[in-house]
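Visitor: Next come a sequence and a model predicted from it.
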Amino acid sequence: MKDLVTGSDVPLRSAQKQEWDKPFAMTQQGFKRFRRRKGRDDPGAEHDTVVTGRGDSASQTAPVTQETAQEMAKSSAKLASRLTADDDRNRFARRPEARQTSQLDGLANTEPQMQRLPATVPEVWERLHRVPLDIRGHQAARSPLVNFFRNSPTANAFDLLRTRLLHSLKAQGWKRVAIAAPTAGCGSTFSAVNLALSMARVPGTRTILMDLNFRRPGIASALKLPPSGDMPGFLSGDLSLPEHLIRPAASLAVGLTAAPDRNAAEILHDGRCAGVIDDMVLSTGADVTLFDLPPVLEHDDTAAFLPQVDGVLLIADGTRTTAAHLAACEKMFEGQTQLLGVSLNRARGAGLLQYGQ
């Protein structure tokens, strides 16, 4: 320690200089130990010497009293405590470095609902309101529907008519069929309903049945459905497809007429009617669309609607339809549409229903 005071030994002074270059590195206990060592080395010394360095070759000495040394020790202890606390606080306050996230990482952290957006909208056919048939009610009332009497001659006749009609439509690329009778009471609504039910049983086939008999609507009654349809509003474009059509079966859609309308011919003559029918067939993806129309020879409703169909299935009655009626109807269809065939109801001695060309 004598060498530190006198500066006689340069290497030792350099080591002490490096130790004191660290600011406030000596604590209070270290200073006391320094004092004890200094007293043992130089008991007669009255003053201590502090060597300070600024990083250059020159060094300076300054006398330090006991009071000054104590104050310096206290300041050093406080500063060391504060630096230690600051270091701990900074260590716990460290945050992980933010890494740049890619677009795929962002998608992986999103919720499953967000990944499914935008959601797909169901097609028009699936958005039609489903109204199942009252099977028990039909069976109790013994409704004349082929779906409930599959082994009857009537059901077999309608299945045969269905198959032949589908073959003819597919060969020609047609989809729209009008079903009408020469006069009232021939069973056109009965034939239209049962033919639609038979077609709906064909796998992968969509069928639409439209009640355009504004004189005497009968499809809702035949299927025991509530007569809540607004056919005039639909054909004028005021109602959308999901607002008007209903689905009694998975592959069958029905458009109903709630009440008779004396302006039937004007409704079918309206140019908006043709646009609505075109949009309906295109939007639903229907394979066959059947239109139940009023008697051909009694009103001009059917004649007004002929340009909208690909062909007509004429329903005759064996007890009231004559050859003159059929000839008159055929003449009316000439140049307007095709006569697809004649279905004969109440044929004498030949079963309940026959099909002829």
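Guide: Nice, thanks for sending it over. Residues are numbered from 1 along each chain as shown.
Visitor: what sits against the residue nearest to His299 when sequence neighbours are not counted?
Guide: In space, and not counting its chain neighbours, His299 is closest to Arg215: 6.3 Å by CB to CB, 6 or more residues apart in numbering. Heads up, the C-betas are built off the backbone N, CA and C, glycines and all. Contacts for Arg215 (CB atoms under 8 Å, 6 or more residues apart in numbering) come out as Pro260, Ala264, Pro294, Pro295, His299, Asp301.
Visitor: Can you report how many residues neighbour the first one?
Guide: So that's Pro260. 11 (other CB atoms under 10 Å).
Visitor: name the element it belongs to?
Guide: For Pro260, there is no helix or strand it lies in under DSSP states H and E.
Visitor: got the contact list for it?
Guide: Pro260 sits in contact with Phe214, Arg215, Arg216, Pro217, where contact means CB under 8 Å, 6+ apart.
Visitor: Over to the fourth one?
Guide: Pro295 makes contact with Ala180, Ala181, Pro182, Thr183, Ala184, Cys186, Ser188, Arg215, Thr302, according to CB under 8 Å, 6+ apart.
Visitor: Then the last one?
Guide: Taking CB under 8 Å, 6+ apart, we find Asp301 in contact with Leu212, Asn213, Phe214, Arg215, Ala264, Ala265, Leu268, Leu293, Pro294.
Visitor: per-residue pLDDT, the last one?
Guide: According to the per-residue confidence, Pro294 scores 94 in pLDDT.
Visitor: Next: the first one.
Guide: What the model reports as pLDDT for Leu212 is 96.
Visitor: cool, the fifth one as well?
Guide: pLDDT, Ala264: 90.
Visitor: Look up which helix or strand Ser221 falls in, please.
Guide: helix 219-223.
Visitor: Need the contact partners of that helix.
Guide: For helix 219-223, the surrounding residues in contact (CB under 8 Å, 6+ apart) are 133, 143, 145, 189-190, 192-193, 209, 211, 225-227, 229, 248, 254, 256-258, 292.
Visitor: ends of stretch 304-311, how far apart?
Guide: 14 Å (CA to CA, to the nearest Å).
Visitor: Can you name the residues in contact with it?
Guide: Counting by CB under 8 Å, 6+ apart, 168-169, 172, 174-178, 212, 265, 268-269, 273-274, 277, 291, 293, 312, 333, 336-340 sit against stretch 304-311.
Visitor: domain parsing for the chain?
Guide: The chain breaks down by automatic domain parsing into domains covering 2-92, 125-356.
Visitor: got the contact list for Thr183?
Guide: Pro295, Leu297, Glu298, Asp317, Arg320, Thr321, His325 are the contacts of Thr183 under CB under 8 Å, 6+ apart.
Visitor: Next one, pLDDT for it please.
Guide: 95.
Visitor: For it, give its distance to Ala328.
Guide: 10 Å (CB to CB, to the nearest Å).
Visitor: which neighbours do these two share?
Guide: Joint contacts of Thr183 and Ala328 (CB under 8 Å, 6+ apart) are Leu297.
Visitor: Lowest mean pLDDT among the helices and strands of this structure, which one is it?
Guide: Here the helix or strand of the chain ranked lowest by mean pLDDT, DSSP states H and E is strand 353-356, holding a mean of 40.
Visitor: ok, and what's touching the helix or strand hosting Ser191?
Guide: Here Ser191 sits within helix 188-200, counting by DSSP H and E. Here helix 188-200 makes contact (CB under 8 Å, 6+ apart) with 144-147, 154-155, 158-159, 161-162, 165-166, 179-181, 205, 207, 209, 213, 218-219, 222-223, 249, 251-252, 254, 288, 290, 292-293, 295, 313, 315, 343, 345, 353.
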